[in-house]
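**Q** starting from these lines, generate the structure:
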Amino acid sequence: FGIHIPFCWEVKANGTETALARMVQDITSQKIWEQTEFTSFHWGAALKLRELVPSHQVGWLTHDWSESAIKKVQSAGLSQICPPAQAVVDTPDLVAVAHQARLQVRVWRMTSPELISPLVEVGVYGATVDWTARARTTLDSIIR
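**A** Presented below is the predicted three-dimensional model:
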């Protein structure tokens, strides 16, 4: 597990970034560490993570799915913008804007497997899900 699927760790509280990054590096193999990503809803935490692990993907979890949010993430040097899945389905053209800004789009609040296909079609990089087996089965059926 994790050999082809990146692990993404979310910082839930400001001030815990250094401890989390060190702990994750200590408990994972080198291969898993190289595929590790970090996110946070806290803007300051995302910026701190970018400083701590500059070679890793760092994203900002946000409710704001707009061109201004994309520009904010790009200007800060983050690598991902992470809006709610339904917002991306409702406004898929912004994925191309994010890609032009050299950002990956990774979504959260995946409420059902039915969201997977439209997200794949517009080029979403990944998603946070609580039902990994169902998501993997759905994704496999779309890709084949």
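**Q** CA atoms for contacts and neighbours, from now on please.
**A** Will do.
**Q** can you count the residues close to residue 36?
**A** Close neighbours of residue 36, defined as other CA atoms under 10 Å, add up to 23.
**Q** list the contacts for the nearest residue in space to it that is not next to it in sequence?
**A** In space, and not counting its chain neighbours, residue 36 is closest to residue 7: 4.9 Å by CA to CA, 6 or more residues apart in numbering. Taking CA atoms under 8 Å, 6 or more residues apart in numbering, we find residue 7 in contact with 32, 35-37.
**Q** ditto for residue 105
**A** Contacts of residue 105 by CA under 8 Å, 6+ apart are 80-83, 95, 98-99, 123-126.
**Q** where does the protein have low pLDDT?
**A** Applying pLDDT under 70 to the chain flags the ranges 1-4, 144.
**Q** and the strands in this protein?
**A** 8-11, 37-40, 57-61, 80-82, 104-107, 126-127 (DSSP state E).
**Q** sheet partners, orientation included, of the third one?
**A** Translated: strand 57-61. Strand 57-61 pairs in its sheet with strand 37-40 (parallel), strand 80-82 (parallel), by DSSP bridges.
**Q** same list (the ones you listed) but as a markdown table, adding mean neighbour count and distance to residue 139.
**A** Converted to a markdown table, the strands paired with strand 57-61 look like this (neighbours: other CA atoms under 10 Å; distance: least, CA to CA, whole Å):
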| stretch | mean neighbour count | distance to residue 139 |
| --- | --- | --- |
| strand 37-40 | 23 | 21 |
| strand 80-82 | 27 | 19 |
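**Q** any idea which of those gets closest to residue 135?
**A** Nearest of those to residue 135, taken as CA to CA: strand 80-82 at 17.8 Å.
**Q** list phi and psi for residue 55.
**A** Per-residue torsions, residue 55: phi -90, psi 0 (degrees, to the nearest 10).
**Q** re the thing from before, most neighbours of all the contacts of residue 105, which one?
**A** residue 82 (30 neighbours).
**Q** which ones are touching the spatially closest residue to residue 73 that is not a sequence neighbour?
**A** Nearest residue to residue 73, sequence neighbours excluded (CA to CA, 6+ apart): residue 81, at 6.6 Å. Contact analysis of residue 81 by CA under 8 Å, 6+ apart lists 59-62, 70, 73, 98, 103-106.
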